[in-house]
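J.: model the following, please.
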Amino acid sequence: MEQIQEIIQHKAAEIEELLKKYLPREAGLQRTVLEAMNYSVLAGGKRLRPMLMQEVYRMLGGKGREIEPLMAAIEMIHTYSLVHDDLPAMDNDEYRRGRRTTHAVYGEAMGILAGDGLLNLAWETAMEAFSLCVQEEQSPAEKAALLQRTARAVALLARKAGVYGMIGGQTADIEAEEQEQVSMEQLLFIHENKTAALIQAAMMVGAIMAGANEEQIRQMERCAYDIGIAFQIQDDILDVTGTMEELGKPIGSDEKNHKQTYVTLRGMEASAREVEQMSREAMEILEAMEGDSGFLQALTASLIHRRK
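T.: This next block holds a predicted model:
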């Protein structure tokens, strides 16, 4: 377990360096928002989504650099969602990853603008994948196929991040806070869209860009659903059992915001069993895939036992 954590940290550090290449230079009259954007992205984190994207891409035979802008873009999208999630109108959290949240440092208005800026920068960055496709030394037919895959990947990322994915899940989550009782169907909709959708985007984009067939792409979508739901249930568990030192943010924020979670609906033991079951299913899907899925399996397993 210690060895896989070292590998994960090494890969996360490589992704961190990649992100820095696409972040804005802090200059001009808009410098404050640029600082806030960089502060948000470079606050640390698991870099799980770009890591999953890259590893699926490699597992299925991808070798080009055109995946890199999409890796950076998905982390920018994820980060903007966290910046907005922490705002007073949402969860009103002042700490994340062990340091003050963006709005706590730069003010609420700048927090909103930093999130907006990251979302727009994400699409600007994603479009750079097309330029890398054109530079590849391939036949016209191969180049056309790669450009087509890139267009499909960007469109899928947009959908999974939007109102039919992450934003839709966030909407349902906010409205659920006003209800006395939330059904399991509602909760799964929230988890599937707010959390799993962007993980699905990561793994499906990796597969699409590698030239995977439709069955492989579908399997990645199912695998990512299991990982996303298991990840969120574990997050709910840690909100009850974790500590401020471990998580880098206040514990009990779900209770503070009157959120009903998997733990409140199913109980701690049943929730832990669901994490194990979904993670096992995800690993079975990975085992059956072509290519070397060893690291992806180890990464999935590490999510089960994480304490932060």
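J.: what are the ranges of the helices in the stretch 1-150 of the chain?
T.: Counting by DSSP state H, counting those that start in this stretch, one finds helices in the stretch 1-150 of the chain at the ranges 2-22, 31-41, 48-59, 67-85, 102-106, 108-126, 128-135, 140-161.
J.: between the last one and helix 67-85, what angle do the directions make?
T.: Same thing as helix 140-161. Interaxial angle, helix 140-161 versus helix 67-85 (axes from the mean of the first three to the mean of the last three Cα atoms, to 10 degrees): 10 degrees.
J.: helices or strands next to the strand or helix carrying Asp239 in the packing?
T.: According to DSSP states H and E, Asp239 maps onto helix 214-241. Using 3 or more Cβ pairs under 8 Å, 6 or more residues apart in numbering; DSSP states H and E, the elements in contact with helix 214-241 are helix 48-59, helix 197-209, helix 253-256, helix 262-266, helix 268-287, helix 294-304. (Glycine included, C-beta is placed from N, CA and C.)
J.: wait, doesn't Ser279 sit right on Ile227?
T.: Yes - the pair Ser279 and Ile227 qualifies as a contact (Cβ atoms under 8 Å) at a distance of 7.3 Å.
J.: of the two, which one has the most company?
T.: Neighbours were counted for Ser279 and for Ile227 using other Cβ atoms under 10 Å; Ile227 has more, 29 against 24.
J.: ok, now how distant is that one from Asp239?
T.: Going from Ile227 to Asp239 by Cβ to Cβ, to the nearest Å gives 19 Å.
J.: now do the shared contacts for Ser279 and Ile227.
T.: Thr300, Leu303 (Cβ atoms under 8 Å, 6 or more residues apart in numbering).
J.: sorry, back to before: could you give the mean pLDDT of the helix holding Asp239?
T.: Regarding helix 214-241, the rounded mean pLDDT is 94.
J.: identify all contacting residues around stretch 99-116.
T.: By Cβ under 8 Å, 6+ apart, stretch 99-116 touches 32-33, 35-37, 39-40, 43, 80-81, 83-84, 86-88, 93-95, 248.
J.: how about low-confidence regions in the stretch 51-200 of the chain?
T.: Residues of the stretch 51-200 of the chain that meet the criterion pLDDT under 70 lie in 136.
J.: can you rerun that using 80?
T.: 135-137 (pLDDT under 80).
J.: equivalent analysis for the stretch 201-308 of the chain, please.
T.: In the stretch 201-308 of the chain, residues with pLDDT under 80: 242-259, 303-308.
J.: fine by me, thanks again.
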